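In: Give me a model of this one.
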Amino acid sequence: MTGVPASAAGGSSGARRTAAGAASTAAEKSSGAVVGHNPVPPAESGASGAAAGEALVREDAAGTGAGTRGDDRPARGAKLAAAAVNQASVWNVANLLTMLRLILVPAFVALMLADGGYDPAWRSLAWAAFAIAMITDLFDGHLARTYNLVTDFGKIADPIADKAIMGAALICLSALGDLPWWVTGVILGRELGVTLLRFLVIRYGVIPASRGGKLKTLTQGIAVGMYVLALTGWLATLRWWVMAAAVVLTVATGLDYVKQAIVLRRRGIAARKAALEEKEA
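Out: Next up, the predicted model:
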């Protein structure tokens, strides 16, 4: 056991093996002397010491292998399993309703513009497609929040589907001359502006949906739906007033979102500044 360098025995593990073997041999010799039995032969003692050293090395290697996952990082298999679960969760009822709304957008445009865009029968079918899209918008978000079906796909696709069906309806109505282009510009400009505003201040927090925003969405849906139908008489006059209310709510809630974004940004900057000052102190 003497004369063997630690590096030749495998670095620190070899040194530990040597020390463990020597300790085991000494312990067995002293045990034999105390109890009164015959001492263990040197060859057997050396073998026992080597076995103990090898066991210690194996334990050390096992501990090193286990330590590679000691930082609480999930194993690769766990990551793959979690990814598979997340991928499967995309196909839930809330996301399927969102997908249905996306599919209804081109169908609505085709029905709206069929036969020149002025046939009452085709306009009625277009209204049915628009109504289904607006109704599903009321349910998919509720289902996702109630039954924990919120996914990254739903967060992105849901607002896109909402703006796609509304934008398609407004553009078609203006193209057919049923709705002034400035109304379409105001509503779509507000929707795109608020969406951009949300992304700009998302680092500071989330702007919650207000009651005014929900009322605006409902009023817009009713007004656009009434314009999609080929209404005449007092119903045609009524839809004008409903659309006027929708435009007012659109502008008012848009300004409110701008105000909330400014307040949220100021609070976020102040909080970051206070955190930096506290850290430096």
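
In: for whichever strand or helix holds Ala94, packing partners?
Out: Under the criterion of DSSP states H and E, Ala94 resides in helix 93-113. Contacts defined by 3 or more CB pairs under 8 Å, 6 or more residues apart in numbering; DSSP states H and E place helix 93-113 against helix 120-146, helix 152-175. In short, each C-beta sits where N, CA and C put it, glycine included.

In: So what angle separates the directions of that helix and helix 120-146?
Out: 160 degrees (axes from the mean of the first three to the mean of the last three CA atoms, to 10 degrees).

In: Show me which residues of helix 93-113 are buried.
Out: Burial within helix 93-113, assessed by neighbour count using 16 or more other CB atoms under 10 Å, is assigned to Ala94, Asn95, Leu97, Thr98, Met99, Arg101, Leu104, Val105, Phe108, Val109, Leu111, Met112.

In: cool, stretch 264-281 as well?
Out: Within stretch 264-281, the residues scored as buried using 16+ other CB under 10 Å are Leu264, Arg265.

In: CA atoms of stretch 184-191 as PDB?
Out: C-alpha atoms of stretch 184-191 as PDB (Å, rounded to 0.1, in the frame of the first residue of the first chain):
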ATOM      1  CA  THR A 184     -64.400  51.600 -39.300                       C
ATOM      2  CA  GLY A 185     -61.200  53.600 -38.900                       C
ATOM      3  CA  VAL A 186     -62.100  54.800 -35.400                       C
ATOM      4  CA  ILE A 187     -63.100  51.300 -34.100                       C
ATOM      5  CA  LEU A 188     -60.200  49.400 -35.700                       C
ATOM      6  CA  GLY A 189     -57.700  52.100 -34.700                       C
ATOM      7  CA  ARG A 190     -58.800  52.000 -31.100                       C
ATOM      8  CA  GLU A 191     -58.600  48.200 -31.000                       C
END
